[in-house]
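K.L.:
Let me see the structure of the following:
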Amino acid sequence: MYNHLNIISDISYIMCEICDDLGILGFCTEYSDLLCYINSNYNIAEILPTLLTTYKYLAPETRVFDVFMSKVDVFPTAVDNEKECSRRHEIKPATLEHFGFNPRTRDKLTSSCLKCKREYDQDRHLKKAYGKSREEFLTILKNQNNKCASCGRPINMHTKRGHHNKETGQFYDLLCNGCNSLVGYGNHDYRIILKCLLYQASIDGIKVETLIDLLKG
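P.N.:
Coordinates of the predicted model:
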């Protein structure tokens, strides 16, 4: 998978090659425009391999900017103004704002929209991690009134954490990140968590009797 070091390396390679061929020292104006355009409209990590491969295999005598651009078949083509999502069959604008990039299709766009893709990925992750679907999580969240089952703070599908037993697979509730971390780092042992509670109460100058009254309330 590409990271920022791979991207910087590929950018530097293409930039140096083009600048050298055009006899330009430093940044090539045309390349700077190309890079800005790509960075503003596309996922640069996805299309850089294509850019790099295209330029690498051009004959040295044809490695000029116009020829390079004519050989790159990576930018989405406006086949239609609108596109139907393959999952929910909703009609959306055929742009990268709504669909992912796919260099193998005619319009260079994915068949499903980005919203459905994110929901699909989330559903697959939840089933693998907790054995529950995205719809089941939404139902649990609704039953908890969109609040952490422990502290009552507001949570949503992005901030929720599933409290479950990793050994048995048993699922309990949805917690906020703070409560889930507390339970996890406390090894799911109420005695350790209680000691943490008493420790923090002593730091805050709260007596045990007062703490008990607070817990009852």
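K.L.:
how near is residue 150 to residue 125?
P.N.:
To residue 125, residue 150 is 23 Å away according to Cβ to Cβ, to the nearest Å. Placement of C-beta: from N, CA and C, glycine included.
K.L.:
more neighbours, these two?
P.N.:
Between residue 150 and residue 125, counting by other Cβ atoms under 10 Å, residue 150 is the more crowded of the two (16 against 11).
K.L.:
tell me the pLDDT at the closest residue to the more buried one other than its chain neighbours?
P.N.:
Closest residue in space to residue 150, ignoring its immediate chain neighbours: residue 179 at 4.0 Å, by Cβ to Cβ, 6 or more residues apart in numbering. With respect to pLDDT, residue 179 scores 93.
K.L.:
May I have the phi/psi pair for residue 179?
P.N.:
Main-chain torsions, residue 179, degrees, to the nearest 10: phi -70, psi -40.
K.L.:
before we move on, what about residue 91?
P.N.:
Here residue 91 shows phi and psi, under degrees, to the nearest 10, equal to phi -90, psi 120.
K.L.:
quick one: contacts for it?
P.N.:
82-85 (Cβ atoms under 8 Å, 6 or more residues apart in numbering).
K.L.:
Quickly name whichever of these is closest to residue 191.
P.N.:
residue 85 (51.3 Å; Cβ to Cβ).
K.L.:
hang on, the closest one packs against residue 116?
P.N.:
Yes - under the criterion of Cβ atoms under 8 Å, residue 85 makes contact with residue 116 at 5.8 Å.
K.L.:
What's the first helix or strand after the helix or strand hosting residue 125?
P.N.:
Assigned by DSSP states H and E, residue 125 belongs to helix 114-130. Note on helix 114-130: by DSSP H and E, the next helix or strand toward the C-terminus is helix 134-143.
K.L.:
all helices for the chain, in order.
P.N.:
Under the criterion DSSP state H, the chain contains helices at 4-21, 29-41, 44-56, 65-71, 114-130, 134-143, 177-185, 190-203, 208-216.
K.L.:
got the buried residues for the fifth one?
P.N.:
When burial is assessed from 16 or more other Cβ atoms under 10 Å, helix 114-130 yields the following buried residues: 116-117, 119, 123, 126, 130.
K.L.:
which residues are in contact with it?
P.N.:
Residues outside helix 114-130 that contact it (Cβ under 8 Å, 6+ apart): 85, 87-88, 98-100, 110, 112, 132-137, 157, 162, 164, 171.
K.L.:
go with 6 Å
P.N.:
85, 87-88, 100, 132-134, 137, 162, 164, 171 (Cβ atoms under 6 Å, 6 or more residues apart in numbering).
K.L.:
mind giving me the domain ranges of this protein?
P.N.:
According to automatic domain parsing, the chain comprises the domains 4-71, 82-113, 131-185, 190-217.
K.L.:
looking at those domains, which one has the lowest mean pLDDT?
P.N.:
Ranked by mean pLDDT, these end with domain 4-71 in last place, scoring a mean of 56.
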